[in-house]
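Student: Next come a sequence and a model predicted from it.
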Amino acid sequence: MTDKPSIVEFKTDRIVCIDRENLHLFAEVIDIIQISSRCWVKPLAIARSNPESFNLEFLHDLRDAAQLILPTDLFRDALDTEVLPLISELFYPTKDSIRSTNAQRVLYQFIADLYRLP
């Protein structure tokens, strides 16, 4: 999971992830801005990893949040074992899942915390 793909490996419509401690921002690649090594993405969700069960706990649906342009080196390819449950939860939510009432604020906080970390 620590291997970062080169800018050439990211393709449009691919699901990528930014990891921050035990939180994970999943997004869909819209385009790659090669001249500045940036990735234009549409946020999908934030999930938390559970080290005891190795599962992701779905936290926030970010499909209504603003799109982002961030450095490509922040992202990694999302694994199939992460994406399949995520997509299932987004389109067929369980009764106890939490839906963010302010996706933009949640996304802003995640990005702000990302840049505060050393």
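Tutor: Done, it's in. The structure displayed is predicted, hence computed values, not measured ones.

Student: Where in this structure is the helix or strand with the lowest mean pLDDT?
Tutor: strand 55-61 (a mean of 81; mean pLDDT, DSSP states H and E).

Student: Buried ones in it, by neighbour count?
Tutor: Across strand 55-61, burial judged by 16 or more other Cβ atoms under 10 Å covers Leu56, Phe58, Leu59, His60, Asp61. Using the backbone N, CA and C atoms, a C-beta is placed for each residue, glycine as well.

Student: where's the nearest residue to the second one once chain neighbours are set aside, which helix or strand?
Tutor: Same thing as Phe58. Distances taken as Cβ to Cβ, 6 or more residues apart in numbering put Glu89 closest to Phe58, at 4.5 Å, once the chain neighbours are dropped. Applying DSSP states H and E as the criterion places Glu89 in helix 80-91.

Student: Average the pLDDT values over that helix and round to the nearest integer.
Tutor: Across helix 80-91, the average pLDDT comes to 86.
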